[in-house]
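Asker: Build me a model:
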Amino acid sequence: MTAFKHLIAWSLAVFSTNLVATPGRTMHHMSASSREPFRSFRMLDAKLTLLSHQQSILKASLNRGYRDSGTTDAMSPSRIRASKRMSSTAAGIGRIAAALEHLYQRRHQPFGVRMFRILRIRARAVQGSVHAVARARTRSEAELAETKLDEQIVSLIVQFQAASGGYGATRCSPRAWTCCEPKRSEDLLQGEKVGCKWCCVQRSNTCTGFLGPRIPLP
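Answerer: Now for the predicted structure:
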């Protein structure tokens, strides 16, 4: 759980930073698709932070629900409410990832498709783990399901960071493209299925990963 908390703290510190070369006023006048995936990264960061908060509420409801006999009430209103909210947030993350997956399919950028498909699949795995926690009827079942849920959430955050890490610090000149260049397999961090590094390219066809926004003129 310590690793999970550190990942959330890192996410809050990094992903709240806007792209320096694209001030909010200029970005406001760009179409939604031309701001991708940075626009979605900000939404995903907010949802991951919410997911962490909801997980704490779910854990608290489980702890309150343990009976002396070692069983726990799977029908507890607070537990049902907490698990539904958490499942809804995970589903929202999956929908954003799916939209990015489809965007890069239309753009014919297979690395982007693969990146966001993995993120979508991991969000769905979190949903499955939430349901397992909600259905648990004994303390041992609940603790096992909670451990699995912790692992799934960390896995989701790690993959989100693999796609978005460093994008907020990218400084590109006007008319340059932001580009997520694939990491070499030996440079991937533990838990990353695929990863990339954000950089600047002058021509879109030189990006071997997937493209982000093009920096507009001042």
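Asker: By residue count, what's the longest helix in the chain?
Answerer: helix 77-106 (DSSP state H).
Asker: C-terminal to that one, what's the next element?
Answerer: Next helix or strand after helix 77-106 toward the C-terminus (DSSP states H and E): helix 110-135.
Asker: tilt between that following helix and helix 77-106?
Answerer: If you take axes from the mean of the first three to the mean of the last three C-alpha atoms, to 10 degrees, helix 110-135 sits at 170 degrees to helix 77-106.
Asker: For stretch 51-59, output the C-alpha coordinates as PDB.
Answerer: Provided in PDB are the C-alpha atoms of stretch 51-59 (Å, rounded to 0.1, in the frame of the first residue of the first chain):
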ATOM      1  CA  LEU A  51     -10.200   6.200  -7.500                       C
ATOM      2  CA  SER A  52      -7.600   6.300  -4.700                       C
ATOM      3  CA  HIS A  53     -10.000   8.200  -2.400                       C
ATOM      4  CA  GLN A  54     -12.800   5.900  -3.200                       C
ATOM      5  CA  GLN A  55     -10.600   2.900  -2.400                       C
ATOM      6  CA  SER A  56     -10.000   4.200   1.100                       C
ATOM      7  CA  ILE A  57     -13.800   4.600   1.600                       C
ATOM      8  CA  LEU A  58     -14.300   1.000   0.400                       C
ATOM      9  CA  LYS A  59     -11.700  -0.300   2.700                       C
END
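Asker: List the buried residues in that stretch.
Answerer: Using 16 or more other C-beta atoms under 10 Å as the test for burial, stretch 51-59 gives 51-52, 54-55, 57-59. C-beta coordinates here come from the backbone N, C-alpha and C atoms, glycine included.
Asker: and what of stretch 191-198?
Answerer: Buried residues in stretch 191-198 (16+ other C-beta under 10 Å): 191-198.
Asker: got the end-to-end distance for it?
Answerer: Length of stretch 191-198, first residue to last, C-alpha to C-alpha, to the nearest Å: 19 Å.
Asker: coming back round to it: quick check: of the buried residues of stretch 191-198, which lies closest to residue 110?
Answerer: Taking C-beta to C-beta as the measure, residue 110 lies nearest residue 194 of the buried residues of stretch 191-198, at 11.1 Å.
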